[in-house]
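1. Need a 3D model of the sequence below.
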Amino acid sequence: MSHSRKSDSLLIADAGLTRQGGPDRAVVDVAVGILLKPNGTFLLTSRPQGKVYAGYWEFPGGKLEAGESVEQALARELSEELGIQVAVRDVQLWKQQLVDYPHALVRLNFCKIFNWEGELQMREQQEAAWQTLPAMVQPVLPGTVPVLAWLAEESGFVGATHTV
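-> Numbers count the residues shown, from 1 in each chain. Reported below is the predicted structural model:
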């Protein structure tokens, strides 16, 4: 298992928009799950109505609560949002990316998951789509784009990683 950390790289989303909280805002840690099937497909979900970037596609996950590890937060979030059960031992921390969104400065902790139990239940009225490269759902959340590039690099995929 490789823990390639990219915490020093910063992705700026919607650079022309004002940053809420100003330049000294706190970093919000988010656990993100890349659910991978043996055939190479991965799960993307849409952001629910009422949330920032509603309708954009992303890998599922959510904010860490006080005292939670990335793995614990991801297992909880996937249960709450998708109704699936993931054992903490099956969560493989993979990469990090700091994303400067207008609404928050977010450290995305990306984890690969190959094993889970249960059928997907869209508990937040979001949509779900199993994808391959190039991902065909759109629009794709800015913080998701680097992950698609990393998956392409690992698999030897050449070309656009998603439709625009």
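
2. residue ranges for the helices of this protein, please.
-> Listed in chain order, the helices of the chain (DSSP state H) span residues 70-82, 145-155.

3. now these as CSV including mean neighbour count?
-> (Glycine included, C-beta is placed from N, CA and C.) Below are the helices of the chain laid out as CSV (neighbours: other C-beta atoms under 10 Å):
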stretch, mean neighbour count
helix 70-82, 21
helix 145-155, 16
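
4. in the protein, which ranges drop under the pLDDT threshold?
-> Within the chain, the stretches with pLDDT under 70 are 1-8.

5. circling back to that earlier point, can I get the helices of the chain in a markdown table with distance to residue 119?
-> Rendered in a markdown table, the data for the helices of the chain read as follows (distance: least, C-beta to C-beta, whole Å):
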| stretch | distance to residue 119 |
| --- | --- |
| helix 70-82 | 9 |
| helix 145-155 | 24 |
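
6. Among the ones you listed, which comes closest to residue 138?
-> helix 145-155 (11.6 Å; C-beta to C-beta).

7. Report all helices and strands that that closest one contacts.
-> Helix 145-155 is packed against strand 27-35, strand 91-100, with contacts defined by 3 or more C-beta pairs under 8 Å, 6 or more residues apart in numbering; DSSP states H and E.

8. May I see the ones you listed arranged in a markdown table, with mean neighbour count and distance to residue 68 as well?
-> Listed next are these as a markdown table, based on neighbours: other C-beta atoms under 10 Å; distance: least, C-beta to C-beta, whole Å:
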| stretch | mean neighbour count | distance to residue 68 |
| --- | --- | --- |
| strand 27-35 | 21 | 8 |
| strand 91-100 | 20 | 12 |
